[in-house]
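J.: give me a 3D structure for the following:
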Amino acid sequence: MPSPTPPPRATGPALELLVHGVGGTTPQEMLVDPRTVRVTGDTTAAIYRRSADVDAEQHPERYREEPIAEAYCWSNLTSGNGSRALWLLLLPFMVVNLAHWMRPTARRRPRAIRVYGVLVRLIALSLTVLLTAAACEVALDLTAWQCAGVPDCSDQRSWLGFLSAAQGGWWSQPGRRLALAALVPTALVGLLWFLSNRTWSAYESQRPLTQPDPDDDRAPAPEPVRPALGRPGFWYGRRLVARLRAAHTAAGFLTVTACVTGAAARHDRAVTGPVPAVLGRLIEAALVLGAITVLWVVCRRGRSERRLDNRLDRALITCLPGAALALLVLAAVHAAWSRPGWTSSGTLPGDVTFPAVTLAQGVLVVLLAGVSLDLYRRCPEPRTVMRGLGGPAVAMLACALGGVMTGGVAQRVADWLDGPGSPGMGRSALIEGPPVLLSWQASVIPVLIALLLAPGIALGVRTWRTARRLEPVIDEEYGETCPDPSRTARIARIRATAALTDSAPGVVGLVSGATLLLGAGAVAGAWATGEVPGLALDGSGPFLASVAEAAQSTGSWLVGFGFLVFVACGRRAYRDASARRTIGILWDVGTFWPRAAHPFAPPCYAERAVPDLASRMSGWTARTRGRLVISGHSQGSVLAASAVWQLPARTRAQVALLTYGSPIERLYGRWFPAYFGPGQLHGLHRSVHCWRNLWRATDPIGGEIRLGRESGPEVDRGPLKDPLVYARTPEHPLPEPVLGHGDYQADPVFAEERAALLERLDPVLPHQADQPREDVRAAPGGPPDTAE
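T.: The predicted model follows:
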């Protein structure tokens, strides 16, 4: 670190605010003390101190050698009670929300940026329709229409007896069976609406710091235009989330309405019966009008980041879902009207939801790729993944995940209802089974896995060769005259494996591209033949027919197995806190960003954590006029940087940033260049008083910040030695472990850099040491001060 002229020793207190990373940890572990006290916050997220440090501001003479330590614990935001395990079923929604934030860097391209956001929101809307359609497929088509309409199937299911066509009861008519079965997808949509509304109230309702009024004479001079993460409204997307929640809820209800009314309307138009055909046409026209309204709401408005937008479109968020639900009730009444002689056979008529949604998703992803390439071409950043195609690739993965989960449900339910038969194959099958497109999509999964074997083997060979090449480098680095080959090989292997993170963009791009092409082939095969692959290729020769049937069977099994794995992981996480914390690591990364594309995605914890940290830093420095180091590990470093961006310039002059094991540039800078790209990081370096980043070559997550000296003193220090010593020494009599991503504070460099950062902060003026302290002594569970 550069060594400027040392300033006089500051007379004010110094504070180190620790922020943990992925997976979470306890305040006792962070503060290395079993006796801790919550000084502010609640059971979800809070700041803790050692019991002995509660009144530290009253006794600054005790903290001349090291700062007061505080720990901000936010792990319960992602891995708290058992209900969080159910978020695993919302994985496709979370992934498509990530695609919104992966936009390439753009300057003065507001129209292209808006088009990018609209396309991602439309893809997110298609996932809601897909999930609802899957519920309709299981409840309405497979159960109420197919199985209940076939005596051989319904007789084997006693709970379907009152719906069976053979019973001749009141519920035996197809329309009434559909109306009753519609309760299942309707309840699912209602549950998603409830969870979205509830989690927003619990996690994302914290307002960020109020910025000074520009008309106030006491306010400091206005700052230059802040980056996106420093804007007042970035971490408060209340208005957009409410609009999207209303639109997606209405889209779900309209999807159920289309499935209920489609068969009844077709029957009324085909025969002359007691129900006029015009009623079905009116409901279908209302459906079209509702769909247009939903699309208008989704496309009309994006995020409001430059100001704190507290408004709510109350008429919209109340009337749109209510009108869609009323239309669904009307469609159910219309379908339940008596139609003597109406019977159900085959699959549900008019059910084209899966082919239409799949085709729309493919077209939207291709358009999104075109917009992304155009944005990247106008403002290329060499470190951006896949030349700006990260967003479209991740959006394609979200669609694939949605297809696997929905197709898995339909396939497994069809197999269960059909007993020993194979749905769609016509051999002792009791029911027709799900749409043939789902069988085609399942059939391409073995092909996709086979295509990934070659890149996987190539990555393994490259990692092995890299490890062998690193062995002499490691021996030279530690200066061992008699190195231990096994010890050297282990360190080299860990370093080579840690470097695999940088190969992730290529793997994601390959999987997404192959999924797009194979998905297009599945749609073409289903529409061209109208049969499952095993029957479509039955007359093309023994070899092709056997391959097609094997691919269909294997793919169907894999899809069902994947869904069962999801359910099993969710069940285990619900019961086991350690498993819940492991799954919480996925949410730590995926739910950092606000819900800008999909309102049913798991909630954004940063909309609670960032205001918490910014408020604490602003309030503490204003009251004590002391120096503060915010120390963030892993994902905590991303939260720390985001909170520093939110601070007023006057507060940032009293704050230093210490990051270690940080993915700010290695992951966020490459995948989210519009928010953590080189320009934004250079701006953060210039705006914060001082910043230091520690990294290791053995760390698979953290890395360099890669900022030169043009924006200020050097930021990076590393790679740090890991392990600290190679062999046994008098100071280290036992073998030292390879720490990798964890325990950076065990390295002496950590304390050295923290002390250097505190020395570089502006010293407190002499008269400030004489004025009375304003700190309020903290009682257990109560805050020591209040942020201004």
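
J.: list the buried residues for stretch 357-367?
T.: By neighbour count on 16 or more other CB atoms under 10 Å, the buried set for stretch 357-367 is Val357, Thr358, Leu359, Ala360, Gln361, Gly362, Leu364, Val365, Leu367. Placement of C-beta: from N, CA and C, glycine included.

J.: cool, and stretch 105-118?
T.: Along stretch 105-118, these residues count as buried under the neighbour rule (16+ other CB under 10 Å): Thr105, Ala106, Arg109, Ala112, Ile113, Val115, Tyr116, Gly117, Val118.

J.: same question, stretch 720-734
T.: For stretch 720-734, a neighbour-count test (16+ other CB under 10 Å) marks Leu720, Lys721, Asp722, Pro723, Leu724, Tyr726 as buried.

J.: same deal with stretch 368-376?
T.: Neighbour-count burial for stretch 368-376 flags Leu368, Ala369, Val371, Ser372, Leu373, Asp374, Leu375, Tyr376 (criterion: 16+ other CB under 10 Å).

J.: in helices only, show me those residues.
T.: Those of these mapping onto helices are Leu368, Ala369, Val371, Ser372, Leu373, Asp374, Leu375, Tyr376, per DSSP state H.

J.: determine the three-state secondary structure at the residue sitting furthest away from the middle of the chain.
T.: No residue in the chain has its C-alpha farther from the mean C-alpha position than Thr272, which lies at 51.6 Å (CA atoms, centre = their mean). Secondary structure, DSSP: H, G, I helix; E, B strand; the rest coil: Thr272 is coil.

J.: do you know how far it is from Gly341?
T.: In this view, Thr272 and Gly341 are 11 Å apart by CB to CB, to the nearest Å.

J.: cool, and Ala751?
T.: Distance of Ala751 to Gly341, computed by CB to CB: 85 Å.

J.: neighbour count for those two, which is higher?
T.: Comparing Ala751 with Gly341 by other CB atoms under 10 Å, the one with more neighbours is Ala751, at 11 against 8.

J.: tell me the pLDDT at Gln211?
T.: On the pLDDT scale, Gln211 is placed at 53.

J.: er, Ser201 actually
T.: On pLDDT, Ser201 comes in at 66.

J.: try Thr384
T.: At Thr384, pLDDT is 93.

J.: give the contact list for the nearest residue in space to it that is not next to it in sequence.
T.: With CB to CB, 6 or more residues apart in numbering as the criterion, Thr384 has its nearest non-adjacent residue at 4.6 Å, and that residue is Pro673. Going by CB atoms under 8 Å, 6 or more residues apart in numbering, Pro673 touches Pro104, Thr105, Glu381, Arg383, Thr384.

J.: which of these lies closest to Leu279?
T.: The closest of the contacts of Pro673 to Leu279 turns out to be Pro104 (CB to CB; 50.1 Å).

J.: give me the element the closest one is part of.
T.: Using DSSP states H and E, Pro104 falls within no helix or strand.

J.: so which bits of stretch 488-495 are buried?
T.: By neighbour count on 16+ other CB under 10 Å, the buried set for stretch 488-495 is Thr488, Ala489, Ile491, Ala492, Arg493, Ile494, Arg495.

J.: just to be sure, which of these are found in helices?
T.: Those of the buried residues of stretch 488-495 mapping onto helices are Thr488, Ala489, Ile491, Ala492, Arg493, Ile494, Arg495, per DSSP H.

J.: need those in JSON lines (columns: pLDDT and distance to Leu15).
T.: Formatted as JSON lines, these follow (pLDDT from 0 to 100; distance: CB to CB, whole Å):
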{"residue": "Thr488", "pLDDT": "93", "distance to Leu15": "42"}
{"residue": "Ala489", "pLDDT": "93", "distance to Leu15": "44"}
{"residue": "Ile491", "pLDDT": "94", "distance to Leu15": "36"}
{"residue": "Ala492", "pLDDT": "95", "distance to Leu15": "40"}
{"residue": "Arg493", "pLDDT": "95", "distance to Leu15": "40"}
{"residue": "Ile494", "pLDDT": "94", "distance to Leu15": "35"}
{"residue": "Arg495", "pLDDT": "95", "distance to Leu15": "35"}
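
J.: as JSON lines, these with distance to Gly590 would be great.
T.: Shown next, in JSON lines, are those (distance: CB to CB, whole Å):
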{"residue": "Thr488", "distance to Gly590": "37"}
{"residue": "Ala489", "distance to Gly590": "35"}
{"residue": "Ile491", "distance to Gly590": "31"}
{"residue": "Ala492", "distance to Gly590": "32"}
{"residue": "Arg493", "distance to Gly590": "29"}
{"residue": "Ile494", "distance to Gly590": "26"}
{"residue": "Arg495", "distance to Gly590": "27"}
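
J.: output the below-cut-off pLDDT ranges for the stretch 1-150 of the chain.
T.: For the stretch 1-150 of the chain, applying pLDDT under 70 flags the ranges 1-12, 79-87.

J.: tell me who's in contact with Asp716.
T.: Counting by CB under 8 Å, 6+ apart, Asp716 touches Asn693, Trp695, Glu704, Ile705, Arg706, Leu707.

J.: run the last query once more with 10 Å
T.: The neighbourhood of Asp716, defined by CB atoms under 10 Å, 6 or more residues apart in numbering, consists of 659, 662, 665, 691-695, 703-707.

J.: what does the pLDDT read for it?
T.: Looking at Asp716, its pLDDT reads 92.

J.: so what's the backbone phi/psi at it?
T.: phi -80, psi 140 (degrees, to the nearest 10).

J.: quick one: it and Trp695, what's the gap?
T.: Distance, Asp716 to Trp695, using CB to CB: 7 Å.

J.: residues shared between the contacts of these two?
T.: Contact criterion CB under 10 Å, 6+ apart; residues shared by Asp716 and Trp695: Thr659, Ser662, Glu665, Gly703, Glu704, Ile705.

J.: would you map the strands across the protein?
T.: 14-19, 36-41, 46-50, 68-73, 627-633, 655-660, 690-696, 716-720 (DSSP state E).

J.: would you turn the ones you listed into JSON lines with distance to Gly541?
T.: Below are those laid out as JSON lines (distance: least, CB to CB, whole Å):
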{"stretch": "strand 14-19", "distance to Gly541": "63"}
{"stretch": "strand 36-41", "distance to Gly541": "68"}
{"stretch": "strand 46-50", "distance to Gly541": "68"}
{"stretch": "strand 68-73", "distance to Gly541": "64"}
{"stretch": "strand 627-633", "distance to Gly541": "60"}
{"stretch": "strand 655-660", "distance to Gly541": "61"}
{"stretch": "strand 690-696", "distance to Gly541": "57"}
{"stretch": "strand 716-720", "distance to Gly541": "58"}
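
J.: I am finished for the moment; much appreciated.
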